[in-house]
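**Q** Based on what follows, work out the 3D shape:
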Amino acid sequence: MDYKDDVLIKISNLSASSNKVSVIIPCFNCESFVERCIHSLVSQTYNNFEAIIVDDGSTDTSDAVIKRFFGDQRIHQIRHTKNVGLPASRNTGIRYSTGTLIAFLDSDDWWAPTKLEAQVRVFDDSNVDICAVAAKQIYCDGSSTISTLSALSKKDLYKTLLFRNCVPGSASSIMIRKKCFDSVGLFDEEMVSTEDQDMWIRLAEKYNYVFLSTQPLVFIDKTRDQSLSRN
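**A** Now for the predicted structure:
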C-alpha cells in the first residue's frame, strides 16, 4: 500500500517525548463501543501515553464519538480516506508513533485501569522487549475465559506461537519496544486473519517475552461477529 496524502488525513500533531507509550487503536465502524475503549485508556493510572486512533474509513458516526475526547491532548486521530484493513491501520499507527513503547488496543476491547502501569514497570526494571498480560474473553452467552501463559523457554514459546497462536487474548494484551519493529518489520498487510500470529512469531525469533501473572488486565469483546480481536 502507498501511504500518500490522499489516503491519510492527519488530524492532530504528535510531539516526541521519552518514556512514553504509544497506544495504537485501529477503528472501523466502531461507534457503538469505541467510547468504552477510549474511556478505559484515559482512566489509566499511568499517564505518560499518546493514543493514536486510526479510523480506517468508517462510514458510521465513529468520528463524532472519537472527537468527544479531543479535549485530552494525549488523544490523536489519523483517518484513512478508504478502508485498507487492520494490519495496515496498525502500521499507520506505528509509523506516526513517538513513544519508546508500543501498545495495541482494539476498539472493541478495553483495559483495567492499571494495565499500562503494570507493563511499563516491567520495562523499567529489566531489559525485556515484549510484555503480555492476562486477558478475559467475554462471549455472547455471558460466559468468559481467561487467557494467559506461564513463562516458557524461547524454543517452547516459538513452538507455542507457531502451532497454537496463543499469546494471551489478543494484540490488546501486548506491549513492545518500538525499536523491535526496526528489525522484524511491520504487520503483513496482505494477511487477512493471521497477521497477529505472523508478527508474534517474527518477534519471538529475536526478542524476549515476559508474561505477567496477574488478574486479567485486558477485556476482549467476543460478542460481535466482526470483532477486531482475533486469536
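**Q** Can you give the distance of stretch 71-85 from its chain's centre?
**A** Centroid displacement of stretch 71-85 relative to its chain, using Cα atoms, centre = their mean, to the nearest Å, is 14 Å.
**Q** do the same with stretch 199-209
**A** Put simply, stretch 199-209 sits 16 Å off its chain's centre (Cα atoms, centre = their mean).
**Q** Spell out for me which residue occupies the centre of this protein.
**A** Phe104 (1.0 Å; Cα atoms, centre = their mean).
**Q** Quick one: residues contacting that residue.
**A** Contacts here follow Cβ atoms under 8 Å, 6 or more residues apart in numbering; on that basis Phe104 touches 23-25, 90, 171-172, 174. C-beta coordinates here come from the backbone N, C-alpha and C atoms, glycine included.
**Q** mind listing the strands in this protein by residue range?
**A** 8-10, 21-27, 49-56, 75-80, 101-104, 110-111, 130-133, 135-138, 144-147, 174-177, 209-212, 218-221 (DSSP state E).
**Q** so which of those comes closest to Val65?
**A** strand 21-27 (9.3 Å; Cβ to Cβ).
**Q** Please name every helix or strand in contact with the closest one.
**A** helix 34-42, strand 49-56, helix 86-96, strand 101-104, helix 115-125 (3 or more Cβ pairs under 8 Å, 6 or more residues apart in numbering; DSSP states H and E).
**Q** which stretch in those has the least confidence?
**A** Across those, helix 115-125 has the smallest mean pLDDT, namely a mean of 90.
**Q** got a list of contacts for that one?
**A** Under the contact criterion Cβ under 8 Å, 6+ apart, helix 115-125 has outside partners 21, 23, 44-46, 49, 101, 103, 128, 131, 133, 175, 177, 210, 212, 214, 217-218.
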